[in-house]
Each structure stands twice: as structure tokens, then as C-alpha cells.
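In: Provided below for reference: sequence and predicted model.
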Amino acid sequence: MRAYHAVLLLFALTFSVLPGCMRYTVPGPGAPMEAFGVVSADQRDQLTDQQIQHELARKPLVSFPAGICLAHVQSTDYRNAHGYAYGRGAYSVVTMREVETEDQLNRLASMPMVRGVATVNRLLLPSQLNSDMELRQAAAKLHTQVLLIYTFDTHFYHEDNATPLDVITLGFGGHKKVRITCTASAALLDVRNGYIYGVAEATTRSEQDTSSWNNEAGVDESRRKAESEALEKLVDELSVTWSNIIRQYAGVYKTVTD
């Protein structure tokens, strides 16, 4: 009997060490990272709106130094004392230089890695303006690589009223103070694919005595003065934004000192 038990023990030990009989219990799958808000690339794309995916897929294509094309855009029904803006659709383009100064344009042209500055002409634009595509096509015709779009949001207020004035009555009411607020906003786009390199904004506020306004031209002069001052501050902001753009893409393209 003892011999029999010994044989069984030897038999069990022999087969327990053979490779084909070894067993390993897998610890288990990884933790579901979705529980921690982590998603895979495929899941991320599925959860991202298609239009957002399109924007995120854009990549910078500009090589520096770059030419900049300026486009002053306003609402589609924009009209000032000098006439209507050009185009219809989503926006219009002011092709007349009425608030920009030579000094401001020279400051933009003298920014580092800028090859030159041009402005959009109505001869380069279609009459229907629906998106940035029309402006980028015009900028491409001028052989520029960056499109600088800017606009002014100007409002007049009576000193005791927070509601913007749609119509200003002249010659009545004696001396009244009117507040003028102007916000200038700008965006720098890649001409090739619309990639947005950066944005900038500046606001100015001033007061005007209505007794100095004898006609519509006087009011419009105050409007243009406010917008020119806002543009002056905007150029300061654009200089900072442009420096950051150069710094960010220096490793991809060229350094500022090249």
C-alpha cells in the first residue's frame, strides 16, 4: 500500500511540473478609463461635433516672412455718412480708408517677419459675401499669406441712458453729453485654409457735447475719431498677438532673427 501511494505521489509531482499542465490565472482586464472621463481617439472624434472637428483639423500653413492683407468688415446693412459698404450676404467690406492712418499701417508693416501689408479692393471681391472664403481668395490674388480681418462696434449713449441710440437728433435739447463707446476686434487667418492664428480686441470710451454737432458730418467725425483711437489701441494688441504667433511657430518655420 505504501508503495502504491508513493507511485501516485511521484506521478502527480511529475505531471505538475510538465509545461503542458501548468496553469495561470489572468488577473483581469484594465479599468474602464471612461469612468474617469478618458476617451479613446475614436470615441473623442465621435463625440466631437463635425464642424468642430473640421476647425480642429486645420493646421498652420504660413511660411514666414509673410504678407498681410487687411480687410475692414462691417454688418451687411452698414452705412455711414460717406456711403454704403461693399457686398451683401453675411457681412460687407469697407474699402474706403476713413479711420486708418499711415502710421498705423506702417506699424503693422514693421512688425517682425512681415513682408508687406496690402488692403482688399472691391475689384477683387464678389458681390455675395458669405464667409471668410471670399476674403481669403482676394488675399490670395494679392499674394499675401495672412488675412487680418477687423471690425468696429460703435455705440452712442445719452449720459443718463444705458440703451444705445439708433438715431441722434441734432439741434434740439441744448447741451447734452453723449458717450461714445467703440470696440475694435480683429482676427488673423491663414489665407490658405482659414486657420486662426490669433485674435485681438481694444475698446475706447469718450464723451461729446451735442452742441458741437451742427450736422450729420459732425457726428460722423466723432464716430471716425473714436474708431481711429480704438484702432490705435488695437494695433498695440495686434503687435503683441503677432509676437506670440512668431514665438509659437518659430520652431516650425523660422526664428524672428532669421
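Out: Received it, and whenever you're ready, just let me know what you need. Numbers count the residues shown, from 1 in each chain.
In: okay, and the beta partners of Tyr204?
Out: For residue 204 the amino acid is Thr, not Tyr. When assigned by DSSP bridges, Thr204 has beta-bridge partners Cys182.
In: my guess is it meets Leu231, correct?
Out: No: at 9.2 Å, Thr204 does not count as touching Leu231 under the criterion of CB atoms under 8 Å. To be clear about C-beta, it is placed using only N, CA and C from the backbone, and glycine gets the same treatment.
In: and the strands in the stretch 101-250 of the chain, which stretches?
Out: For the stretch 101-250 of the chain, applying DSSP state E, counting those that start in this stretch gives strands covering 114-119, 128-129, 146-158, 177-190, 196-209.
In: tabulate the ones you listed (CSV), appending mean pLDDT and mean neighbour count.
Out: Formatted as CSV, the strands of the stretch 101-250 of the chain follow (pLDDT from 0 to 100; neighbours: other CB atoms under 10 Å):
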stretch, mean pLDDT, mean neighbour count
strand 114-119, 94, 16
strand 128-129, 92, 16
strand 146-158, 87, 20
strand 177-190, 88, 20
strand 196-209, 87, 16
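In: Tyr84 is nearest to which of the ones you listed?
Out: Tyr84 sits nearest to strand 128-129 of all the strands of the stretch 101-250 of the chain, at 13.2 Å, using CB to CB.
In: so what touches stretch 58-69?
Out: With contact meaning CB atoms under 8 Å, 6 or more residues apart in numbering, stretch 58-69 is reached by 108-109, 113-120, 135, 138-139, 142-148, 190-195, 197, 246, 249, 252-254.
In: please apply the same query to stretch 143-152.
Out: 62-63, 66-74, 99, 108, 116, 118, 132, 135-136, 139, 182-192, 197, 227, 230-231, 234, 238.
In: redo that, cut-off 7 Å
Out: Contacts to stretch 143-152, defined as CB atoms under 7 Å, 6 or more residues apart in numbering, come from residues 62, 66-74, 118, 135-136, 139, 182, 184-191, 227, 230, 234.
In: counting contacts, what elements does the longest helix belonging to the chain pack onto?
Out: The longest helix of the chain (DSSP state H) is helix 216-249. If contacts are counted by 3 or more CB pairs under 7 Å, 6 or more residues apart in numbering; DSSP states H and E, helix 216-249 sits against helix 102-109, strand 146-158, strand 177-190, strand 196-209.
In: report the buried residues of that helix.
Out: For helix 216-249, burial by neighbour count (16 or more other CB atoms under 10 Å) applies to 219, 222-235, 237-239, 241-242, 245-246, 249.
In: thinking again about what came up before, in JSON lines: the strands of the stretch 101-250 of the chain, plus distance to Asp103.
Out: Output for the strands of the stretch 101-250 of the chain, formatted as JSON lines (distance: least, CB to CB, whole Å):
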{"stretch": "strand 114-119", "distance to Asp103": "13"}
{"stretch": "strand 128-129", "distance to Asp103": "29"}
{"stretch": "strand 146-158", "distance to Asp103": "16"}
{"stretch": "strand 177-190", "distance to Asp103": "16"}
{"stretch": "strand 196-209", "distance to Asp103": "16"}
